[in-house]
Structure formats: C-alpha cells, structure tokens
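Q: Let's see this in three dimensions:
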Amino acid sequence: MEPFRLRHVRLFAFTLISVLLLSGCGPQYSEDADFSLTGSISIDGSSTVYPITEAVAEEYRYHAPNVRTSIGVSGSGGGFKKFSRGEIDIANASRSIKEAEANDARANGITYLQLSVAYDGLTVVVHPGNDWVKEMTAAELKKIWEPEAQGKITRWNQIRPEWPDKELHLYGAGVESGTYDYFTEAIVGKSHSSRGDYTASEDDNVLVQGVSTDPYALGFFGFAYYEENKAKLKPVPINDEDDSNGAGAILPTIETVKDGTYAPLSRPLFIYINSVAARKQHVVDFLQFYFEQVPVLSQEVGYIPMPPENYREEQEKLAAFIAASASR
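A: Predicted coordinates for the structure are as follows:
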C-alpha cells in the first residue's frame with residue numbers, strides 16, 4: 001500500500017493542478033472590469049446589425065460582468081414595434097425609422113436617438129455551381145423582384161435568353177426586415193413593394209442555407225452573411241446603369257461599399273436608443289463602450305467601418321443625448 005504521506009502529497013498536487021486548470025478556463029476579465037455595474041439591456045431588431053451588436057455585447061461581458069444583455073432578431077420593423085412601445089432599450093436597424101413608427105413612439109412618450117454604426121453592401125448571391133451568371137444589372141433585378149413579376153418571371157431564360165430554361169428560385173429578406181425595405185426601394189423604386197412568391201425570412205442564415213443548396217437559386221442579404229459563408233455562395237457583380245462613373249459591374253467589398261462605387265446597394269446601419277434607457281448608468285456605459293469598440297468589431301464580423309471622424313460625430317451626438325435625457 002502507498003504510504004499515507006505520499007498519497008497526501010499526490011492528492012494535494014492533483015487538487016492544485018485542477019484549480020489552476022479551472023482558473024485558466026474561467027472568464028478573463030479586462031483590467032478595467034467594473035463589477036459595480038448591474039442591470040439588464042434589452043436589444044432587438046435587424047438581423048443585419050445583429051452580428052455587430054452581438055460582437056460588442058460579447059466583449060462587454062468582460063468589461064461589465066454583472067450586466068446582462070439580451071439581443072433578439074425580429075427584423076428592423078419588428079424591433080421598431082417593440083422600441084416604440086418602450087419594450088426594449090436599443091433597436092438594431094438596417095434602415096431609418098418610418099414616420100408611422102416615429103409617430104407611435106411619440107404617442108407613447110418615447111424620444112430617441114439614431115446613431116450610425118457601420119456600412120453594409122447588400123449582396124446578391126447564387127449557388128456556386130451557377131456558371132451562367134457573370135453579372136447582373138439593377139434593371140434585371142427590378143424585372144425579377146417587382147410586384148408585376150409574380151407568377152410571370154419564373155425562369156432564368158426570361159432574364160437573358162442565353163441563360164438556362166430552368167426555374168428561378170428566389171430567396172430574400174422578410175417584410176419586417178430593413179433589408180427588405182432598403183432593397184425594394186433601391187431596386188424596385190418603392191419601399192415595401194415586391195413580388196410575394198419567394199422564400200422569405202428575417203433570419204439571414206435561412207437564406208444562406210437555401211441558396212447554398214439550390215443550384216437555381218438567387219437571393220440577397222447583408223454583406224457579413226456572405227463573408228461568413230463565401231465558401232458555399234457565389235456573389236453577383238451588380239451594374240448600376242444609372243451610375244455615371246462608368247465602372248461597370250461591381251462586387252461588394254470593403255473598398256467599393258466605403259467609396260460608394262457599389263451602387264445602388266450600399267447603405268448605412270444604425271442603432272436607436274430610448275431616452276429612458278439613456279438615463280440608466282449601465283446602458284450609458286454599454287453605449288460608450290459600443291462606440292469605442294465598433295470600428296474594429298464591425299470589420300471583424302464582415303462589415304465596413306465608417307471613417308474615424310464619423311465615429312467621433314456619433315459619440316458627440318450620444319454624449320449630448322445622454323446629457324439631455326438626464327436633465328428630463
């Protein structure tokens with residue numbers, strides 16, 4: 001039998017190693033972690049903006065471990081419904097708030113601030129096995145997506161005669177999505193106006209799955225979801241025929257979205273802050289942290305950061321809004 005002292009030493013060593021290993025696997029809080037901040041932050045809205053806000057919230061957990069953030073994905077429209085009723089603190093949005101939504105907020109005594117957080121390029125994609133689409137024009141996209149196309153434009157060769165006589169399967173943002181509003185306005189010419197016979201979802205991952213498994217699919221969603229899934233998708237260069245720079249068909253990239261040559265599908269992304277939430281110290285701290293981190297984190301998750309001077313302007317707006325909210 002092993003001597004008691006040796007067994008005791010081995011047991012102590014095993015315990016010490018276990019403690020060290022467990023401590024190494026635990027949360028690595030930042031040097032300036034503030035454990036005094038407590039509370040919860042409710043966020044909902046755009047699936048496009050979700051990856052940015054989720055990345056910021058993930059980092060914020062190491063800065064303020066006792067603050068809980070919950071982030072829903074009900075589309076920009078769904079988020080604004082909750083925001084205008086005072087049910088959430090922050091709304092993610094891939095479009096500006098509509099007049100009717102703003103009226104609802106005012107009717108409920110809610111004032112708010114819109115802040116830009118990054119740029120996005122709506123990306124038109126097809127299955128990687130699609131060898132006939134080299135580029136498309138904005139006019140061709142309109143021909144596919146306008147309301148009059150429903151039940152009529154159903155085959156690829158109706159877009160260009162040399163394309164296959166095969167069914168065209170469409171995937172796109174749901175009607176509650178800001179992406180839907182922006183795409184229809186930019187392509188069809190009227191917001192919230194499109195054919196209805198397509199596979200729609202506010203969850204961009206559903207659209208990615210659909211296009212990546214359907215050889216005759218065509219879809220659209222935010223740039224980050226293409227970047228994350230580029231191995232199983234093929235982006236389509238878009239030729240904006242109204243573009244005077246004569247650049248021809250352009251793919252969405254960080255450079256082409258930032259300089260505006262990827263037209264007409266480049267757009268800003270936003271968050272909206274409730275004035276009541278702006279009086280809560282933990283929400284204020286989160287928002288300040290957001291704008292310190294978002295220039296880097298937005299690019300890490302596949303979006304295009306704004307120029308530094310734009311972020312400084314947004315931070316100044318935020319500081320003024322916080323001060324005004326506190327004085328109410």
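
Q: Can you pull the phi and psi angles for residue 295?
A: In this entry, residue 295 is assigned phi and psi values of phi -60, psi -40 (degrees, to the nearest 10).

Q: Can you check the pLDDT for it?
A: On the pLDDT scale, residue 295 is placed at 96.

Q: Spit out the contact partners of the residue lying closest to it once chain neighbours are set aside.
A: Sequence neighbours aside, residue 305 is the residue nearest to residue 295 in space, at 4.6 Å (criterion: CB to CB, 6 or more residues apart in numbering). Just so you know, the C-beta spots here come from the backbone N, C-alpha and C atoms, and that holds for glycine as well. Neighbour list for residue 305: 118, 119, 294, 295, 296, 298, 299, 311 [criterion: CB atoms under 8 Å, 6 or more residues apart in numbering].

Q: How about the host helix or strand of the third one, which residues are buried there?
A: Right, the one you point to is residue 294. According to DSSP states H and E, residue 294 maps onto helix 281-300. Residues 282-287, 289-291, 293-295, 297-298 are the ones in helix 281-300 that count as buried (16 or more other CB atoms under 10 Å).

Q: after it, next one along is what?
A: helix 308-326.

Q: That following helix: how far from the chain's middle?
A: How far helix 308-326 lies from its chain's middle: 22 Å, per CA atoms, centre = their mean, to the nearest Å.

Q: Can I get it in PDB, CA atoms only?
A: Output in PDB follows, covering the C-alpha atoms of helix 308-326 (Å, rounded to 0.1, in the frame of the first residue of the first chain):
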ATOM      1  CA  PRO A 308     -12.900  57.900 -37.700                       C
ATOM      2  CA  GLU A 309     -14.400  61.400 -37.900                       C
ATOM      3  CA  ASN A 310     -17.800  59.900 -38.400                       C
ATOM      4  CA  TYR A 311     -17.500  57.900 -35.200                       C
ATOM      5  CA  ARG A 312     -16.400  61.000 -33.400                       C
ATOM      6  CA  GLU A 313     -19.500  62.800 -34.600                       C
ATOM      7  CA  GLU A 314     -21.700  59.900 -33.400                       C
ATOM      8  CA  GLN A 315     -20.000  59.900 -30.000                       C
ATOM      9  CA  GLU A 316     -20.700  63.600 -29.700                       C
ATOM     10  CA  LYS A 317     -24.300  63.100 -30.500                       C
ATOM     11  CA  LEU A 318     -24.500  60.300 -28.000                       C
ATOM     12  CA  ALA A 319     -22.900  62.500 -25.200                       C
ATOM     13  CA  ALA A 320     -25.400  65.300 -25.900                       C
ATOM     14  CA  PHE A 321     -28.400  62.900 -25.900                       C
ATOM     15  CA  ILE A 322     -27.300  61.400 -22.600                       C
ATOM     16  CA  ALA A 323     -27.000  64.800 -21.000                       C
ATOM     17  CA  ALA A 324     -30.400  65.900 -22.300                       C
ATOM     18  CA  SER A 325     -32.000  62.700 -21.200                       C
ATOM     19  CA  ALA A 326     -30.500  63.000 -17.700                       C
END
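
Q: Chain neighbours aside, what residue packs nearest to residue 72?
A: Per CB to CB, 6+ apart, closest to residue 72 is residue 44, 3.7 Å.

Q: Downstream of whichever strand or helix holds that neighbour, the next helix or strand is which one?
A: Applying DSSP H and E as the criterion places residue 44 in strand 39-45. Using DSSP H and E, the helix or strand that follows strand 39-45 in sequence is helix 50-63.

Q: how far is that next one from where the chain is centred?
A: 13 Å.

Q: Quick one: residues contacting residue 204.
A: Contacts of residue 204 by CB under 8 Å, 6+ apart are 47, 48, 173, 179, 221, 222, 225.

Q: Filter those down to the ones in strands?
A: 173, 221 (DSSP state E).

Q: Can you tell me which of the contacts of residue 204 is closest to residue 195?
A: Set against residue 195, the nearest of the contacts of residue 204 by CB to CB is residue 173 (13.1 Å).

Q: What about the closest one, how many residues nearby?
A: 32 (other CB atoms under 10 Å).

Q: what sits against it?
A: Going by CB under 8 Å, 6+ apart, the list of residues near residue 173 reads 75, 179, 180, 183, 200, 201, 202, 204, 207, 220, 221.
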